[in-house]
Structure formats: structure tokens, C-alpha cells
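> Predicted model, plus sequence, below.
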Amino acid sequence: MLQGLPERWVSKSLRELHAGRLDNLNPADFPDEVFEYYSIPAYQDGVRPTLTRGREILSQKFVISENCLLFGKLNPRVEKIWDVRSQSVHRRLASTEWLPVIPTHELDQGFGYFVLRSNWVLPIAMGLTSGSTPSRQRVEPASFYEIKVPLPPISEQKAIAGLLTRAQAAIYAQDNLILSAHSLKRAAMRTLFTRGLKGEAQKDTEIGLVPESWEVSTLGGVSNIERGRFLHRPRNEPRFYGGDTPFVQTGDVVRSGGRIREFTQSLNADGVAISRVFPAGTILITIAANIGYTGILQFDSACPDSLVAITPNEKVTAEFLEYWLQTQQPDMDRFASKGTQKNINIQFLLPWPVVVPSLDEQQEIVAILDAIDRKIDLHSKKRAVLDELFKALLHKLMTGEIRISDLDLSALAPARSAEAVA
């Protein structure tokens, strides 16, 4: 029995809320039948089941109803919860890597989906695993179905599910706006770096068509290139860390989106003595494992030898050069040497081609791309706020700490019109 629940709430085990046994089926017995197949790869590939013939599905599977919940039992540290609402004419099969919950009349399916994602289930399931390594651990089914969850009256379940669905939809809307902005940026880059802004004729070069007035130079011809440094191994020895000097590393650059505003580690005086500090405005590029990701330092920072520092000369601005290098990352990754770990070096970077318009045109191109980046950043910040709101609502509504009747929901009401305006 769960303690401290609101009046009229009860606690039930997932077994009590699961409407009975499921039939097993061997798809090989029906080789030509098309099944709607709910597999872990299908979930990871966009939460869409596949239409698959029986001959192509290996081993026995569950036959599931058109409305049910699926909880991924493999490595529960990575959330996999599927709210199945099918209208298919085909029979539905679920991989045995799922733990199905077919809601009884006591459980609203939408509420059940969110309760499986809540602290009542997800972290508890993580402790009910067996297996030698985290990636292969599986939730023990018998113990899973004994997990107790709170159960409000059905009307309140539906209201809670409705609110959380709206909050989740607002997050998805921001995700779509971010994806659209990234697509716009890629399209703008393709046009700007091949046609420019002046409508001039193009010339054919070793890197393709560019405006006639543009020069094609090299990274070594437009900048000074220096490698970061950290002389001690292993690099993670604690005595070098915890000081006042930022220590930007590969992950910080990859996450930066082109402007390095944050860092996750800092060096003390001993650490700085064996590293190298570069000034704000320096372009950093990753050269090991994650190849060719770039960002401009917004503060002075020490850097390890897994990063290379690029200081532009008078021919290019740092912002223009960094945007150009963003377009080059896929090719750098493709041409990187592939030993035990992918890597590139200064000799690889020195001859890398760089387009060079006039400084005025560089600034105009940067202004356009900066505007798109600001849009991406705005939607990313909105998404982060909405994500925190969703997590808080999920916890507080599922514990009864706040009640639907206590909430002013007007802030979520204009979600669709806000998306249209954005």
C-alpha cells in the first residue's frame, strides 16, 4: 500500500491493472501473413511499428490488442515506453523484449503511459534487473508486475493524462521548430557558400562552383593553427583540476553549436602549467573520435591536445571561417584516418580549402546565419523550460502533491497558435 495518497486515490499493482494473459505466436507458422510488428528497433526508429511478413520475424512474439502499453525490459536506464493505439487491419505482434500492460477498466491508458514514465515505475524497474552488463540487463517480469502505482478516480486520471499530453505536445512542437530551423540553416549555407549574395557569375574551382570574385585559399593560408596541450597522463588526475581557468574539452565543442559559452571542467595552476590557454575569439576544432566539430571561444580557456586552435588572419573573420568549417565537418570526418580511433592533425588541416569573399560579404553572410542560430537558440531554450515543466508536472501530479483543480492551465492553451506565430 502506497502511503500519503490523496483522498479517493488507491494503490494497485501493475498486475492488477493488466487485463490478463497474452497469447504467444510463432510468425514462422504464418509466413505470408503481414503483421503489424512492435519491435525495439521500430521504437528507436521513430516509434512506428513495421508491416512485416511472418517469415521475416524470428522466434515467438506476443499477440497484443489494438490498445495497450509496452514497457521495454532491456536496459531500462534508457526509457522505452510505447503507447499503442492501433487501427490496423493486421494482427499485432510485440517483441518479447517488451512487457505489455493491457489496461483494465480501472486504468485510463493515457494515465497508464505517464505513470510508467514516472518515479513510481521507471527507477524501480531499474533495480529489478538481471544481466552481466548494463546494456544487456533486463527487467525481471514477475517483479515488474508487482510494482505498486497510485490510482486516482478515472475522471482525474483522464484529466492528468490530458494535461501531460498537452505539455508533451508543446515540447514536440519546439522539437519540430528546432529541426525546421536546422534545415533552413543547412539550405542557407549551401546557397550562401556557393552563390554568395551579389548575384554574380560563378566559376568552377577544385571545390566546385563559387562566385567569380571569391578566392579559394587554404586553412593554413587564412589562419594560424596550433594544437592544444595536456602533458600528463592519465588526463583525469584530480590534482590538476578545480581551479579558476576554464578547460574546454571535445564534448564542450561538440555541444556548443558554434559558440562555446559553457565548460564542464576547470584547471588549477598546476593544470594550467601543463596545458595551453587560448584567448576568447579563437576557433577550436575537434581532432579525435568526434572529428571536425567547431566553436568559437567566448572566454579565455585552456585546451587539451584533442583540440586544435585556429586564429584567423586579416583575410577572414572568425565567425565566417567557423561557419564555413561547419559545412566541412562531414567531409573531414569521412577523410579522417581510421586507426584504433578516428583522428586528424594539423598537417591534415593546413591544406583544407577555404572560400574567401570580401570582408563586407563575409559579414553579411554571418549576419544571416547568426539570425538563424538565434532562432535555434530561442527554441532550444523554450524546449528546455517546457521539459522542466513537464518533469515537474509528471512528478507532482502523480503524487497528488498538486491537483488538476488547483492549476491555471491557460498558459498551455495557446500552444498551437504559438507554434504558428513562431
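Ah, there it is. Owing to the predicted nature of the structure, the values given are computational and were not obtained by experimental measurement.
> What segments of the stretch 51-200 of the chain are strands?
Applying DSSP state E, counting those that start in this stretch to the stretch 51-200 of the chain gives strands spanning 61-64, 67-72, 81-85, 92-94, 98-101, 129-130, 138-139, 148-151.
> Looking at those strands, which one is packed in the most?
Comparing the strands of the stretch 51-200 of the chain by mean neighbour count (mean count of other Cβ atoms under 10 Å), strand 98-101 comes out on top with a mean of 24. All C-beta atoms are positioned from the backbone trio N, CA, C, and that covers glycine.
> Which one of the strands of the stretch 51-200 of the chain lies nearest to Lys375?
Lys375 sits nearest to strand 81-85 of all these, at 31.2 Å, using Cβ to Cβ.
> Which parts of this structure are helices?
40-44, 109-117, 122-126, 141-144, 154-195, 219-222, 250-254, 269-273, 318-335, 346-349, 359-399, 415-421 (DSSP state H).
> just to revisit the earlier point, ok, which of the strands of the stretch 51-200 of the chain comes nearest Gly400?
Taking Cβ to Cβ, strand 148-151 is the member of the strands of the stretch 51-200 of the chain nearest to Gly400, at 7.0 Å.
> Pull up the pairing partners for that closest one, direction included.
strand 10-13 (antiparallel) (DSSP bridges).
> Identify all contacting residues around the strand it pairs with.
Strand 10-13 is contacted from outside by Met1, Leu2, Leu5, Glu106, Tyr145, Glu146, Ile147, Lys148, Val149, Pro150, Leu151, using Cβ atoms under 8 Å, 6 or more residues apart in numbering.
> Just the buried residues of that strand, please?
Lys12 (16 or more other Cβ atoms under 10 Å).
> for stretch 328-347, same thing?
Residues of stretch 328-347 classed as buried by neighbour count (16+ other Cβ under 10 Å): Gln328, Gln329, Met332, Ala336, Lys342, Asn343, Ile344.
> Over to stretch 156-173?
Applying 16+ other Cβ under 10 Å to stretch 156-173 flags 156-161, 163-164, 167-168, 170-171, 173 as buried.
> now the residues you listed in a markdown table, with distance to Pro31 and pLDDT?
As requested, the buried residues of stretch 156-173 are exported to a markdown table (distance: Cβ to Cβ, whole Å; pLDDT from 0 to 100):
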| residue | distance to Pro31 | pLDDT |
| --- | --- | --- |
| Glu156 | 47 | 95 |
| Gln157 | 42 | 96 |
| Lys158 | 42 | 96 |
| Ala159 | 46 | 95 |
| Ile160 | 44 | 96 |
| Ala161 | 39 | 96 |
| Leu163 | 46 | 95 |
| Leu164 | 42 | 96 |
| Ala167 | 44 | 94 |
| Gln168 | 39 | 95 |
| Ala170 | 45 | 95 |
| Ile171 | 42 | 96 |
| Ala173 | 43 | 96 |
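> Taking the contacts of strand 10-13 together, which two end up most distant?
Going by Cβ to Cβ, the pair spanning the contacts of strand 10-13 furthest: Leu5 and Tyr145, at 20.3 Å.
> Among the buried residues of stretch 156-173, which one lies nearest to Leu407?
Leu407 has its nearest neighbour among the buried residues of stretch 156-173 in Leu163, at 7.3 Å by Cβ to Cβ.
> how much space between that closest one and Phe111?
Counting by Cβ to Cβ, to the nearest Å, the separation of Leu163 from Phe111 is 11 Å.
> Kindly report the same for Arg255.
Distance from Arg255 to Phe111, by Cβ to Cβ: 35 Å.
> Of the two, which one has the most company?
Counted by other Cβ atoms under 10 Å, Arg255 and Phe111 do not tie: Phe111 has more neighbours, with 25 against 12.
> Spit out the contact partners of that one.
Pro152, Gln157, Lys158, Ile160, Ala161.
> Quick check: chain neighbours aside, which residue is closest to the first one?
This means Pro152. Computed as Cβ to Cβ, 6 or more residues apart in numbering, the closest residue to Pro152 that is not its neighbour in sequence is Trp9, at 5.0 Å.
> What is the neighbour count of the one you found?
Neighbourhood size, Trp9 [other Cβ under 10 Å]: 16.
> quick one: it and Pro150 touch, right?
Yes: at 5.5 Å, Trp9 counts as touching Pro150 under the criterion of Cβ atoms under 8 Å.
> shared neighbours, the two?
Common neighbours of Trp9 and Pro150 (Cβ under 8 Å, 6+ apart) are Gly400.
> Residue ranges in the stretch 101-250 of the chain under the pLDDT threshold?
Applying pLDDT under 70 to the stretch 101-250 of the chain picks out residues 132, 134-135.
> Restrict stretch 235-249 to CA atoms and write it as CSV.
Taking C-alpha atoms only, stretch 235-249 is exported to CSV below (Å, rounded to 0.1, in the frame of the first residue of the first chain):
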residue,chain,number,x,y,z
ARG,A,235,44.5,13.2,-18.1
ASN,A,236,41.9,12.8,-15.3
GLU,A,237,44.2,13.0,-12.4
PRO,A,238,42.4,15.1,-9.8
ARG,A,239,45.3,17.2,-8.6
PHE,A,240,45.2,19.4,-11.8
TYR,A,241,41.5,20.3,-11.6
GLY,A,242,39.2,22.6,-9.7
GLY,A,243,40.8,25.9,-10.3
ASP,A,244,39.7,29.2,-11.9
THR,A,245,40.8,28.5,-15.5
PRO,A,246,38.2,27.0,-17.9
PHE,A,247,39.3,23.8,-19.5
VAL,A,248,37.3,23.3,-22.7
GLN,A,249,37.3,19.7,-24.0
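> Quick check: buried residues in that stretch?
Arg235, Phe240, Thr245, Pro246, Phe247, Val248, Gln249.
> I'd like these as JSON lines, with distance to Val277 appended.
Shown next, in JSON lines, are the buried residues of stretch 235-249 (distance: Cβ to Cβ, whole Å):
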{"residue": "Arg235", "distance to Val277": "16"}
{"residue": "Phe240", "distance to Val277": "14"}
{"residue": "Thr245", "distance to Val277": "7"}
{"residue": "Pro246", "distance to Val277": "9"}
{"residue": "Phe247", "distance to Val277": "9"}
{"residue": "Val248", "distance to Val277": "10"}
{"residue": "Gln249", "distance to Val277": "14"}
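> between those residues, which is closest to Met189?
Val248 (24.4 Å).
> List the contacts of that closest one.
By Cβ under 8 Å, 6+ apart, the neighbours of Val248 are Ile260, Phe263, Leu284, Leu297, Ser301, Ala302, Cys303, Leu307.
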